[in-house]
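K.L.:
the sequence isn't on hand, but the structure is:
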């Protein structure tokens, strides 16, 4: 299995040609892969075609699994469905143009999606200004992230159809426990060696669940700086929905604490979220989900080593994450659980 | 741990050969890359063979020098030095792969034991041992992650 698979440009040109038959002389003007794109590949493509008086252009984003398969259990089709369902809601997402799974168009056997390109930046420029004068702009960025998380959490996910393809927790009381159990099941299926420490940390999380949320919500999971498209201090596109799930909104806040809230303050960010969200989240729940987030990452990254050991994905980044991160997380969480103080 | 140390290094060589080497243009960089690749391959072989080779060499040298010293072939001072060194037994060598398989077997039994309904004291005792295991493993993982990956 190759470590790097260039996009099949002749095939993509033909593909876009049948997608836009009214664009004569259609060609791929630029093809660039985003970095690092560990879990899924994202390609930025500029199409050009002959138009009256010159050349017309349009940019697109193509997303597909790496040649060795996705690191997670979540199929690309589910991520595509999230984009489709969210478009037009209060949650800004790029428009899904197509999820392509017809055999004749697969890229080396891989399904792919095409979605619209949104102009913007991954990291708002004001975050690079750490002066006191720039503080108000930095706080506004954190508030914007909290506003958008609150918008996600306010959605009626059941009526929108998310329950048809995302796992639905049995009730709010069990959200946290079922999150842990899902990852213990992942270890049952994919663990590459016996992991009594990681499993016992899971048991400890089960013994000490978080307070129940007011309701089950749609969660983005991966969120914050680096995951969204920003323009003029506003989020204009929320991207990377492969981890989308249903459960306790505190998980999204836990993730945001590590990526965005540091530009203001965790207490302040949570207080702001609670002032705009439909239901409050406690810092106790956020603290539990911060530990769970580490635990989840350890289970998922270790499980991803199956692709390495099967010789399907030999990227050194996968190896570095899968070999080192789970051990470091176990050290941190076993200390938090006071395993060594018997 | 799985993948093994050797297979981690093999993956590094594959990445160097397929992704890094074609991008290099400077002759110095190409040379450094080729040397790094050869040295990693050398380390793979050493991981696999060096422990057993060293243990065999110690055993052979000990046997030969002790036999010759006992036969009076060396001056007394040299024979005394040989005697001093030979007073300690040679350390046994066990291949990492053998130790890994053995440790995995114990870890599997730990998993089974922890799945049982245990008294708090017994569970605490098992958890304390896990903390020790994780601490040892972390001592060769955490220091390695000493900078950004991306």
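P.N.:
That came through fine. In this text, all values refer to a predicted model and were calculated from it rather than measured experimentally.

K.L.:
from here on, contacts and neighbour counts on C-alpha atoms
P.N.:
OK.

K.L.:
in chain B, which residue sits nearest chain A?
P.N.:
Chain A sits closest to residue B:128 of chain B, with a gap of 4.2 Å, by CA to the nearest CA.

K.L.:
so which bits of chain B are right by chain A?
P.N.:
For chain B, the contact set with chain A under CA under 8 Å from any CA of the partner chain comprises B:1-3, B:8, B:11-12, B:14-15, B:18-19, B:104, B:107-108, B:110-111, B:114, B:121, B:124-125, B:127-132, B:134-135, B:137-138, B:141-142, B:144-145, B:149-150.

K.L.:
and the buried ones among those residues, selectable in ChimeraX?
P.N.:
Only the buried members of the residues of chain B next to chain A enter the following ChimeraX selection, criterion being 16 or more other CA atoms under 10 Å in any protein chain shown:
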select /B:2,3,8,11,12,14,15,104,107,110,111,114,124,125,127,128,129,130,131,134,135,137,138,141,142
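
K.L.:
in helices, which of the residues of chain B next to chain A appear?
P.N.:
Taking DSSP state H as the definition of helices, the residues of chain B next to chain A contribute B:8, B:11-12, B:14-15, B:104, B:107-108, B:110-111, B:114, B:121, B:124-125, B:127-132, B:134-135, B:137-138.

K.L.:
quick one: buried residues of stretch A:151-161?
P.N.:
Buried-residue list, stretch A:151-161, by 16+ other CA under 10 Å: A:151-155, A:157.

K.L.:
whoops, I mixed them up, stretch A:256-274
P.N.:
Neighbour-count burial for stretch A:256-274 flags A:256-257, A:259-261, A:263-264, A:266, A:269-271, A:273-274 (criterion: 16+ other CA under 10 Å).

K.L.:
which of those sits closest to chain B?
P.N.:
Taking the buried residues of stretch A:256-274 together and measuring to chain B by CA to the nearest CA, the closest member is residue A:259, at 15.1 Å.

K.L.:
give the contact list for the residue nearest to the closest one when sequence neighbours are not counted.
P.N.:
In space, and not counting its chain neighbours, residue A:259 is closest to residue A:224: 5.4 Å by CA to CA, 6 or more residues apart in numbering or on different chains. Taking CA atoms under 8 Å, 6 or more residues apart in numbering or on different chains as the criterion, residue A:224 is in contact with A:145, A:255-256, A:259-260.

K.L.:
can you give me phi and psi for residue A:224?
P.N.:
Residue A:224 adopts backbone torsions of phi 110, psi -170, taken as degrees, to the nearest 10.

K.L.:
next one: residue A:113
P.N.:
The phi/psi pair for residue A:113 (degrees, to the nearest 10) reads phi -120, psi 150.

K.L.:
what ranges does chain A have for its strands?
P.N.:
Counting by DSSP state E, residue ranges of the strands within chain A are A:27-33, A:41-51, A:54-64, A:96-100, A:112-116, A:217-219, A:228-231, A:234-238, A:245-247.

K.L.:
just checking, what packs against the first one?
P.N.:
Using 3 or more CA pairs under 8 Å, 6 or more residues apart in numbering or on different chains; DSSP states H and E as the contact definition, the elements that strand A:27-33 packs against are helix A:9-19, strand A:41-51.

K.L.:
out of those, which is the most enclosed?
P.N.:
Sort those by mean neighbour count, taking mean count of other CA atoms under 10 Å in any protein chain shown, and strand A:41-51 sits at the top with a mean of 18.

K.L.:
how far does that one sit from its chain's centre?
P.N.:
For strand A:41-51, the distance from its own C-alpha centre to the chain's C-alpha centre is 24 Å (CA atoms, centre = their mean, to the nearest Å).

K.L.:
confidence score at the residue in the stretch 1-150 of chain A positioned nearest to chain B?
P.N.:
Using CA to the nearest CA, the single residue of the stretch 1-150 of chain A nearest to chain B is residue A:36, 6.7 Å away. You'll see residue A:36 listed with a pLDDT of 83.

K.L.:
tell me the contacts of it?
P.N.:
Counting by CA under 8 Å, 6+ apart, residue A:36 touches residue B:150.

K.L.:
and if we set it to 10 Å?
P.N.:
Neighbouring residues of residue A:36 by CA atoms under 10 Å, 6 or more residues apart in numbering or on different chains: A:42, A:317, B:149-150.

K.L.:
got the phi and psi for it?
P.N.:
Per-residue torsions, residue A:36: phi -90, psi -30 (degrees, to the nearest 10).

K.L.:
wouldn't residue A:253 be in contact with residue A:277 here?
P.N.:
No - taking contacts as CA atoms under 10 Å, residue A:253 lies outside contact range of residue A:277: 11.4 Å.

K.L.:
mutual contacts of the two, please.
P.N.:
Listed contacts common to residue A:253 and residue A:277 are A:146, A:149-150; contacts here mean CA under 10 Å, 6+ apart.

K.L.:
just the closest of the residues you listed to residue A:289, please.
P.N.:
Compare each of these with residue A:289 using CA to CA and the shortest gap goes to residue A:149, at 15.6 Å.

K.L.:
got any ranges where chain B has weak pLDDT?
P.N.:
Within chain B, not a single segment meets pLDDT under 70.

K.L.:
picking that back up, as TSV, the contacts of residue A:224 with pLDDT and distance to residue A:332 would be great.
P.N.:
Converted to TSV, these look like this (pLDDT from 0 to 100; distance: CA to CA, whole Å):
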residue	pLDDT	distance to residue A:332
A:145	97	28
A:255	97	17
A:256	97	20
A:259	89	19
A:260	94	22
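
K.L.:
among those, which two are most distant?
P.N.:
Using CA to CA, the contacts of residue A:224 reach their maximum pairwise distance at A:145 and A:255, which is 11.4 Å.

K.L.:
these two: who's more crowded?
P.N.:
residue A:145 (25 against 21; other CA atoms under 10 Å in any protein chain shown).
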